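sequence and predicted structure, then a few things I'm wondering about:
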Number of protein chains: 2
Amino acid sequence: MNIGQASKASGVTTKMIRYYDEIGLVRPASRTDSNYREYDARQINELRFIKRARSLGFSMDEITQLLSLWRDRERPSREVKAIADRHVADLDARIAEMQAMADTLRHLSHCCAGDDRPECPILADLTAGAEPTTPPERVKARAR
Amino acid sequence: MNIGQASKASGVTTKMIRYYDEIGLVRPASRTDSNYREYDARQINELRFIKRARSLGFSMDEITQLLSLWRDRERPSREVKAIADRHVADLDARIAEMQAMADTLRHLSHCCAGDDRPECPILADLTAGAEPTTPPERVKARAR
DNA sequence: CTTGACCTTACCATGATGGGAACCTCTATC
DNA sequence: GATAGAGGTTCCCATCATGGTAAGGTCAAG
């Protein structure tokens, strides 16, 4: 199987397969006499594994760890779970952050007439770098 | 005011101030005879505006648009609102995506014993449709 | 043998940010 | 006035995962 076929079989672009090869995420593919990479079913599985892990938001670094656990039939599931839980916590933190942004903006937008007039609470908020407008729902303590 | 003072006054690093200058997000700062950038209160406000907008997750590109509306006293608030709403939709989409990842992982982690044994639903999911890397013989091919 | 599809490497770009080198300028102190 | 050191200037590199492109080698079919 050459790289194009591996790409079709795994759903990973040839570009990315070469990249994973280059950074050592997967072990270097064997080569034909003409220097073409060759892949077998085992490596296709690894590529699919990587693809699925990426779709769950794991970083390359986390995937490196997951792959090594995956390859080790003696691994303690504890270690896998720890990586997953850390990632979930990370996702939750980022979600909370974005949620706060969205909530603030929703509030500002709600207060904005959105017509031809120039008055705009959204710009007012951005301008006031000092004084936050009342965030959605409850009023939070204004420090500063 | 030189760049260091502008940085302290705006909360934007000197590195970023120079970058905004370079990409034309802010108009090029005037220079002293010795080529130092100089800033006035107006520009400090712009930097603060940018900082606040960044903290709400707007991209440089969106901020470019917001800044130009901000500078235009005739702007229709409609346009500002449109940018904000688009950004909120974008945030919501990304939140939903990450939420789905987190939910899936939470479920898998919940099903994982997390002990010394190697059985792991998380890895099983990642394997998804692929067979575990079959080290020759020894392993009963578990389908799915 | 030619053609076209596919492979190889190598470099560039992204977005927003930080790090650092090499060099210039200001200011305070001796 | 000389000097130290703080802070300015430009320029380059790196991130992270991905895509694009160009120059050149290889393979299979007609």
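Structure received. Numbering: from 1, shown residues only, chains lettered A, B, ... in the order given.

tell me where chain A has helices.
A:3-10, A:14-22, A:41-55, A:60-71, A:77-110, A:121-127 (DSSP state H).

any part of the third one near DNA strand D?
Yes - using CB under 7 Å from any atom of the strand, helix A:41-55 comes into contact with DNA strand D via A:Arg54. From N, CA and C alone the C-beta is placed, and that goes for glycine too.

any residue of that helix touching chain B?
Yes - Helix A:41-55 is in contact with chain B by CB under 8 Å from any CB of the partner chain, via A:41-42, A:44-46, A:48-49, A:52-53, A:55.

now the buried members of the residues you listed.
Listed as buried from the residues of helix A:41-55 next to chain B are A:44-46, A:48-49, A:52-53; burial here means 16 or more other CB atoms under 10 Å in any protein chain shown.

can you count the residues close to the residue nearest to A:Arg73 when sequence neighbours are not counted?
Nearest non-adjacent residue to A:Arg73, counting by CB to CB, 6 or more residues apart in numbering or on different chains: B:Pro118, 5.9 Å away. By the measure other CB atoms under 10 Å in any protein chain shown, the count of residues near B:Pro118 is 15.

what's near enough to touch B:Pro118?
Counting by CB atoms under 8 Å, 6 or more residues apart in numbering or on different chains, B:Pro118 touches A:72-77.

returning to what we had before: which one of the helices of chain A is the most hemmed in?
Mean neighbour count (mean count of other CB atoms under 10 Å in any protein chain shown) peaks for helix A:121-127 among those, with a mean of 21.

let me know how buried A:Asp33 is, in neighbour terms.
Neighbour count for A:Asp33, taken as other CB under 10 Å: 5.

quick one: contacts for the residue nearest to A:Trp70 when sequence neighbours are not counted?
For A:Trp70, ignoring the flanking residues on the chain, the nearest one in space by CB to CB, 6+ apart is B:Leu123 at 5.3 Å. If a contact means CB under 8 Å, 6+ apart, then B:Leu123 has A:66, A:69-70, A:77, A:80 as its contacts.

nearest to A:Ala89, of those?
For A:Ala89, the nearest member of the contacts of B:Leu123 is A:Val80. The distance, counting by CB to CB, is 15.2 Å.

pull out the buried members of the contacts of B:Pro118.
A:75-77.

restrict these to contacts with chain B.
A:75-77.

for those, which one is nearest A:Asp85?
Out of those, the member with the shortest distance to A:Asp85 (by CB to CB) is A:Ser77, at 11.9 Å.

just the pLDDT for the residue nearest to A:Val12 when sequence neighbours are not counted.
Spatially, and ignoring its direct neighbours in sequence, A:Val12 is nearest to A:Leu47 (4.7 Å; CB to CB, 6+ apart). You'll see A:Leu47 listed with a pLDDT of 95.

state the distance from A:Leu47 to A:Ile63.
Separation of A:Leu47 from A:Ile63 (CB to CB, to the nearest Å): 11 Å.

which residue does chain A bring closest to DNA strand C?
Ranking the residues of chain A by distance to DNA strand C (CB to the nearest atom of the strand) places A:Gly4 first, at 2.2 Å.

thought that residue was touching A:Thr13?
No - the criterion here is CB atoms under 8 Å, and A:Gly4 misses it with A:Thr13 at 10.2 Å.

quick one: contacts for the residue minimising distance to the centre of chain A?
Nearest to the mean C-alpha position of chain A, by CA atoms, centre = their mean, lies A:Gly57 at 3.7 Å. By CB under 8 Å, 6+ apart, A:Gly57 lies in contact with A:87, A:91, B:98, B:101.

residues from chain A in reach of DNA strand D?
Residues of chain A lying near DNA strand D (CB under 7 Å from any atom of the strand): A:13, A:15-16, A:19, A:32-36, A:54, A:59-61.
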